[in-house]
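Novice: sequence unknown, structure follows:
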């Protein structure tokens, strides 16, 4: 043990040099860092949002709403189908994740069921003849239509992926590059925006469903019926922001949807003044829009965004060509925002902010200052303490091991770009303070062995070999708790766990190997007769 | 007399009779654990009982506001939010005189994010120049998830330690270690409950991380003592169990004190200079290190005494996996 194996020396020197190399960028000002030659590492520690400031947003995709929307659309198909086949029915409604209805004439029940089975839903992948909806009947002539759970799960999962795609497109449209939406678990999307201390704009951009539809206003609905809450079947009452009416009764079935848009951009209304959004439909959309406007001259249609009417103009004549404009109460900014949303497309499924963490840049800077100060004070105190206890030589050796350890941790964290959070700094300090435990175990073991009558060299040997098992066991316990913390998920705590784990690895290396090499070297050069700590 | 290095003047070998006091201390510990459990659980309101729950676990929002350069008018903040129907709003001075922290829960049925937006808008309206330096919003789904994850994490950590010690030592050692862990964890909950009542520490994910660290540390300490204990059991086959335990603890005492001291030094620095975010974390860990050291001596060892260990000729069998020894 005391005979200084060459590979150990090489390993220690190599680890120290590499550690220093990767730690170095953190010490240099940005200018110097940029002018370093290409082969030098340039990554600094990757600071968490709590240290550099920024926003963390966790969205959950509302798959229940997605299902209800699909079912509501499907209910309209049921209405059309029954209407075509002249089947009388009542109580058509979407409830608890299924469509329910009652066929009035028992004789028509079979026909109704068969009609629904053949028209509703889509073929199910993987099962020939299977469909993604199930149609069941009960003896009292009721029919229930629901999604096959597996089929819907697959669809929901696809919707989450599509949501991420749409978010990415929206973010790209604004020219921000460093925000990357990431899927988490089944129905969550995480967005981290470093440096963003006021995420309201970002939230508007990301979270809006931006589902645009053009629906006909039902002028036949009697105002007194509507006031009493009696909405004609196939219609819906939507709130309005156009400033003319508080709400409109519109046909549920939409004429054209935002998916049929090929372009949208902000514009300016020459006559009325104010901002507008100009859009262009694709072929299908243009034809449908043209047909509808030709057939309904004099009537009104509603431009609906996320179930809110933003404008309800009267059709003054057919609009061919598939171009149009939305006039609402737009500012240049909101017109631009809506254009971005329409260009990037609607979210297939609505989303909701489940968790937000925003830290201002100056608060982050304060945290860095506090973290650094406490690290310096804590480590200095530990070092002085070790020097006082074990003296210049053995205390000094443990300090060198500690310094190598620190350099390796910082180097490794810079290299792997692991996120350093404020609790992570705490973890770092604690790791380093407890790292000297390995030195203490080794030194105390040496003293014990010497006391039990062994000579100097074998005591020192035994100090290492016999303390090793203890050091290993003791550090394994830290690894376990760090692994479990890692699974707790939240950003700052994850950072803490990560620092702790890296710290344990480097601690075992530096405290055991570095100490050993230094002591062996001392032993070889000085040829001591007594142990300075005994 | 030369007093440096200090190690030379420290007593070479202490001869404290730790085991003799085991009965007394174990009884005190049992009482303390029961008291802690009561403090942490009473009143039995979910999810956190007697602990002051952070928003990680109960949902809601925390806003850190700054009205610099004007001093923060806490009364005005309170009164402007009182009519909003969001129930219990807590406003506290925080850090400097111009900053404050506002905590509130999401009313039932409302959207967490929308509520926070509403509060922010109201504060901007009434306070004028207000800067939100930190915003945290946790929805109900996430908070209940984090809460169960946190508790499961704690349970898993204890289980992992039991298995590891069982694997490396003997079952009795594992049980002793786990008894010590439960002791430490429960007492820490008691501390969080008491500190919570003074508005100092919240029970949140960071606190769970701190407890997990304590588990790691307390285990570390227990393992070190056990290691020596096992070694001495083999060395002194005829010595009564209690004496072996005493001897092992005494032999490791210098190390235990030195290591605890370095940890304490670092943690005190954290608590004093680390700012409000790290304060709770470091206080919990400081406490944990103190009781972790204590429990290795007065909880882990007595449990082993109670249970007894296999000794005598069947050394090899009794120690399934020896640490590396010199040949």
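Specialist: Looks like it came in fine. Note that the coordinates shown come from a computational prediction; the quantities given were computed from them, not determined experimentally. Numbers count the residues shown, from 1 in each chain, chains lettered A, B, ... in the order given.
Novice: so where's the chain shaky on pLDDT?
Specialist: No chain in the question, so chain A it is. For chain A, the stretches with pLDDT under 70 are A:1-3, A:125-129, A:177, A:489-491.
Novice: other chain: chain B
Specialist: In chain B, residues with pLDDT under 70: B:1, B:312-327.
Novice: Who are the contact partners of the spatially most central residue of it?
Specialist: Centroid-nearest residue in chain B: residue B:211, 3.3 Å away (criterion: C-alpha atoms, centre = their mean). Listed by C-beta atoms under 8 Å, 6 or more residues apart in numbering or on different chains, the contact set of residue B:211 reads B:154, B:185, B:188, B:284, B:288. For every residue, glycine as well, the C-beta is placed using N, CA and C.
Novice: State the distance from the third one to chain A.
Specialist: As for residue B:188, its distance to chain A is 14 Å (criterion: C-beta to the nearest C-beta, to the nearest Å).
Novice: Equivalent analysis for the second one, please.
Specialist: Here the criterion is C-beta to the nearest C-beta. By it, residue B:185 lies 12 Å from chain A.
Novice: before we move on, the earlier item: now intersect the contacts of residue B:211 with the helices, please.
Specialist: Those of those mapping onto helices are B:154, B:185, B:188, B:284, B:288, per DSSP state H.
Novice: residue contacts, the second one?
Specialist: Applying C-beta under 8 Å, 6+ apart, we find residue B:185 in contact with B:154, B:158, B:211, B:214, B:215.
Novice: swap in the third one?
Specialist: If a contact means C-beta under 8 Å, 6+ apart, then residue B:188 has B:210, B:211, B:214, B:284, B:287, B:288, B:291 as its contacts.
Novice: Name the SS class of residue 144, please.
Specialist: I'll assume chain A. The local conformation at residue A:144, judged by DSSP: H, G, I helix; E, B strand; the rest coil, is strand.
Novice: Chain B was what I was after
Specialist: Assigned by three-state DSSP, the conformation of residue B:144 is helix.
Novice: residues in the stretch 51-200 of chain B within reach of chain A, list them.
Specialist: By C-beta under 8 Å from any C-beta of the partner chain, the residues of the stretch 51-200 of chain B that approach chain A are B:56, B:64, B:111-113, B:116-117, B:131-139, B:141-142, B:146, B:149-150, B:153, B:156-157, B:160-161, B:164, B:168.
Novice: among those, which are in helices?
Specialist: In this view, those that belong to helices under DSSP H are B:56, B:112-113, B:116-117, B:141-142, B:146, B:149-150, B:153, B:156-157, B:160-161, B:164, B:168.
Novice: number of nearby residues for the residue in the stretch 401-534 of chain A that chain B sits nearest to?
Specialist: Chain B sits closest to residue A:469 of the stretch 401-534 of chain A, with a gap of 2.1 Å, by C-beta to the nearest C-beta. For residue A:469, the count of nearby residues is 19 (other C-beta atoms under 10 Å in any protein chain shown).
Novice: Enumerate every residue touching residue A:408.
Specialist: Counted by C-beta under 8 Å, 6+ apart, residue A:408 has contacts A:15, A:16, A:19, A:506, A:509, A:510.
Novice: can you rerun that using 6 Å?
Specialist: By C-beta atoms under 6 Å, 6 or more residues apart in numbering or on different chains, the contact set of residue A:408 is A:19, A:506.
Novice: Cool, thanks, talk later.
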